[in-house]
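[1] The following block contains a protein sequence and its predicted model.
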Amino acid sequence: MRAILFDFGGTLDSPRHWLDRFVTHYCAAGIDITRNELNRAFSIATQQAYARSARLRDYTLLQLVGFLVDLQFESLRALGAVSPDRFSDKMSPGRGFKELKEQICQLFVAESAAGLAASRPLLMSFARRLKVGVVSNFYGNLERILADADLAQSITAIADSGRLGCSKPDPRIFAASLEQLGVHPRETVMVGDSIVKDCAPARAMGMATVWLRHCDVGGCTVAPGDPVDFTIDRLEELKDFEWLTG
């Protein structure tokens, strides 16, 4: 192998999907919301933010998460899932939705910071012998976020859908990374938390695939025929792959 590609959200920043992380932090802030209730608002907000990626290109992670949470609350209100009446017991004097949203953002960003700090030495180790790339459905500001997290020095290629105008599982976003790295698909391994968006398109192009499964939610087993060569529960397990580290 000459190169390794990583997904970002749910992979490098934390071994959990962003939706599940938001549910956890909404609940920690006092908004007892279910995954199903947040799912639709999360999806709407994500698509709205993708469409505004040109505006977000200089955003820090905290600014981005704040922007997403504002959009999520707008959608939740429109869907009737969040209202002052429902959460009046969480509203102490001087603490309204603004303060709740700020708490959600701070919790989310702190979790991401810890995950990225844990990924840093792993990326540095791989960068000594492999070309490293990041391929992500993101908001145009992934380069800024990787630099802020002190990961940029280990990464040769960044394929951000918000910049490229195509998103996983479209093979063009993977092809853009391979071109930047100057490698063939068969010289490359893709590591990500989505079988559909990460592993399937990578395998179709000829890459080896490693699935980072999220065992805190359903669907954490590989079915026959799934395009997965290896399954891991933690990124650190990659250090045990002799064909990557040898």
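    Yep, it's here. Numbering: from 1, shown residues only.

[2] And the pLDDT at Q48?
    Looking at Q48, its pLDDT stands at 97.

[3] need the contact list for the closest residue to it other than its chain neighbours.
    Closest residue to Q48 apart from its sequence neighbours, by CB to CB, 6 or more residues apart in numbering: L71 at 5.3 Å. Placement of C-beta: from N, CA and C, glycine included. L71 makes contact with I44, A45, Q48, A49 under the criterion CB atoms under 8 Å, 6 or more residues apart in numbering.

[4] Just confirm the first one contacts F73, I think it does.
    No. Counting by CB atoms under 8 Å, no contact exists between I44 and F73, whose distance comes to 11.2 Å.

[5] quick one, which of the two is more surrounded?
    F73 (20 against 17; other CB atoms under 10 Å).

[6] Which stretches in this protein count as strands?
    Under the criterion DSSP state E, strands of the chain are mapped to 3-6, 131-136, 157-160, 188-192, 208-212, 230-232.

[7] With distance to R16 added, can I get those in TSV?
    Output for the strands of the chain, formatted as TSV (distance: least, CB to CB, whole Å):
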stretch	distance to R16
strand 3-6	15
strand 131-136	15
strand 157-160	21
strand 188-192	13
strand 208-212	10
strand 230-232	14
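
[8] low-confidence ranges in the protein?
    Within the chain, the ranges that satisfy pLDDT under 70 run 81-95, 215-220, 245-246.

[9] picking that back up, if I look at the residue nearest to Q48, how far off is T60?
    Between L71 and T60 the computed distance is 17 Å (CB to CB, to the nearest Å).

[10] now do L38
    23 Å.

[11] More neighbours: which of those two?
    L38 (24 against 13).

[12] Now for the more buried one: which residues touch it?
    Contacts here follow CB under 8 Å, 6+ apart; on that basis L38 touches L19, F22, V23, Y26, Q72, L76, A81.

[13] try 10 Å this time
    L38 makes contact with 19-20, 22-23, 26-27, 31, 45, 72, 75-76, 79, 81-82, according to CB atoms under 10 Å, 6 or more residues apart in numbering.

[14] D193 too?
    Counting by CB under 10 Å, 6+ apart, D193 makes contact with 7-12, 14-17, 199, 211-214.

[15] any idea which of the residues you listed is closest to G192?
    Within those, the smallest distance to G192 is 3.4 Å, found for D7 (CB to CB).

[16] burial measure for that closest one, as a count.
    Applying other CB under 10 Å, I find that D7 has 23 neighbouring residues.

[17] ok, it to L151 distance?
    From D7 over to L151 the distance is 14 Å, taken as CB to CB.

[18] Identify the contacts common to those two.
    By CB under 10 Å, 6+ apart, D7 and L151 have these common neighbours: D13, V134.

[19] burial count for the nearest residue to S75 once chain neighbours are set aside?
    Counting by CB to CB, 6+ apart, S75 lies nearest to A41, which is 3.7 Å off, once chain neighbours are set aside. A41 has 23 neighbours, counted by other CB under 10 Å.

[20] separation between A41 and T34?
    From A41 across to T34, the span is 12 Å (CB to CB).

[21] now L19
    Distance from L19 to T34, by CB to CB: 11 Å.

[22] If burial is judged by neighbour count, which of the contacts of L71 pass?
    I44, A45, A49 (16 or more other CB atoms under 10 Å).

[23] ranges for the helices of this structure?
    Per DSSP state H, the chain carries helices over the ranges 18-28, 35-51, 53-56, 61-79, 97-127, 142-148, 161-164, 171-181, 200-205, 242-245.

[24] Convert the C-alpha atoms of the second one to PDB, please.
    Put plainly, it is helix 35-51. Extracted C-alpha coordinates of helix 35-51, given in PDB (Å, rounded to 0.1, in the frame of the first residue of the first chain):
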ATOM      1  CA  ARG A  35     -32.900   9.800  17.700                       C
ATOM      2  CA  ASN A  36     -36.000   9.500  15.500                       C
ATOM      3  CA  GLU A  37     -37.200  13.000  16.500                       C
ATOM      4  CA  LEU A  38     -33.800  14.600  15.800                       C
ATOM      5  CA  ASN A  39     -33.100  12.600  12.600                       C
ATOM      6  CA  ARG A  40     -35.200  14.600  10.200                       C
ATOM      7  CA  ALA A  41     -34.200  18.000  11.500                       C
ATOM      8  CA  PHE A  42     -30.500  16.800  11.500                       C
ATOM      9  CA  SER A  43     -30.900  15.800   7.800                       C
ATOM     10  CA  ILE A  44     -32.600  19.000   6.800                       C
ATOM     11  CA  ALA A  45     -30.000  21.200   8.600                       C
ATOM     12  CA  THR A  46     -27.200  19.200   7.000                       C
ATOM     13  CA  GLN A  47     -28.500  19.600   3.500                       C
ATOM     14  CA  GLN A  48     -29.100  23.400   4.100                       C
ATOM     15  CA  ALA A  49     -25.500  23.800   5.300                       C
ATOM     16  CA  TYR A  50     -24.100  21.900   2.400                       C
ATOM     17  CA  ALA A  51     -25.900  24.300   0.100                       C
END
